[in-house]
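Undergrad: Pasting the sequence and the predicted model now:
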Amino acid sequence: SFTLKKKLLLANQNIMVTAGPTYEAIDPVRFIGNHSSGKMGFAIADELATMGANVTLITGPSAEISKQQNIKRINVTSAAEMLEACADAFKTAKACIMSAAVADYTPVHVAAQKIKKQDGGFNIELKKTTDILKFLGEQKTTNQLLVGFALETNDEEQNAMNKLQHKNLDFIVLNSLNDAGAGFKKDTNKITIIDRDLQKTVFELKSKDAVARDICLKVAQLINR
Ligand code: CTP
Ligand code: CA
């Protein structure tokens, strides 16, 4: 018998990945959130670790648990907390993969006490959160790599290309919600990767672990080129 030793494509590279949703507080017991499970981001973190990277995983609330050991997990709740953790980690990161489903809006006021119900309807005033990925795109130096995701239901490729350029990304992973088997709670995903040269690679429907492998191989290819 014999063993094949796999070359560690990302040995000793500092790579950060974000995962999960963010929760935006309304009062002490309520929040605005989304259906992101964190599965995709955790699968990417595991794959990066398998490839030898020093992984920092910045995650919103998620029930997922990492399978690999060498992952530094930072738990955050809100978009503002995720921004702070990301800005800090990016200073020493070779690459960042932004797979979190960050809230676009957050309540203007957070009530200190539980809001009591009253007669009639109820409105929550919202303001925009900071676009973390765009912020990192502005900070990015020439030897750092920035990867974003795009979740689209229509005009998928055009919208993804706009995000790629607007946020100064090296590539973007397009998730189309029109594909059966793709999306938030599933264990499978179907992606298209679009890179800076607007080169498009369409992948088959596969497990999120296998999708993570495709994404991480693309990262390794760009880092090692
Ligand atoms: N993103 C982010 N900070 C935000 C919102 C989004 O970093 N406040 C990141 C996401 O993590 C993802 C990418 O931006 O990697 C695209 O997110 P998406 O929701 O698809 O696009 P948006 O730019 O938010 O635009 P819209 O929701 O209007 O399509
Ligand atoms: Ca959004």
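TA: Great, that's in hand. Predicted model only: the values in this text are computed from it and were never measured. Ligands and ions are numbered 1, 2, ... in the order given.
Undergrad: Any stretches of this protein with poor pLDDT?
TA: Counting by pLDDT under 70, the ranges of the chain that qualify are 1-6.
Undergrad: wouldn't Ala150 be in contact with Leu174 here?
TA: Yes: in this structure Ala150 lies within contact range of Leu174 using Cβ atoms under 8 Å: 5.1 Å. For the C-beta atoms, the positions are set from N, CA and C on the backbone; glycine is no exception.
Undergrad: what touches both of the two?
TA: Counting by Cβ atoms under 8 Å, 6 or more residues apart in numbering, the shared contacts of Ala150 and Leu174 are Glu156, Ala160.
Undergrad: residues near Glu84, how many?
TA: 15 (other Cβ atoms under 10 Å).
Undergrad: Check which helix or strand it maps to.
TA: Counting by DSSP states H and E, the element that carries Glu84 is helix 79-90.
Undergrad: got it, and Ile124?
TA: Using DSSP H and E, Ile124 falls within no helix or strand.
Undergrad: Distance of it relative to Asn34?
TA: Computed as Cβ to Cβ, to the nearest Å, the Ile124 to Asn34 distance reads 15 Å.
Undergrad: what does Thr141 give?
TA: 31 Å.
Undergrad: where does the longest helix along the chain sit relative to the chain's centre, distance-wise?
TA: In the chain, ranked by residue count with DSSP state H as the criterion, the top helix is helix 208-223. Offset of helix 208-223 from its chain centre (Cα atoms, centre = their mean, to the nearest Å): 14 Å.
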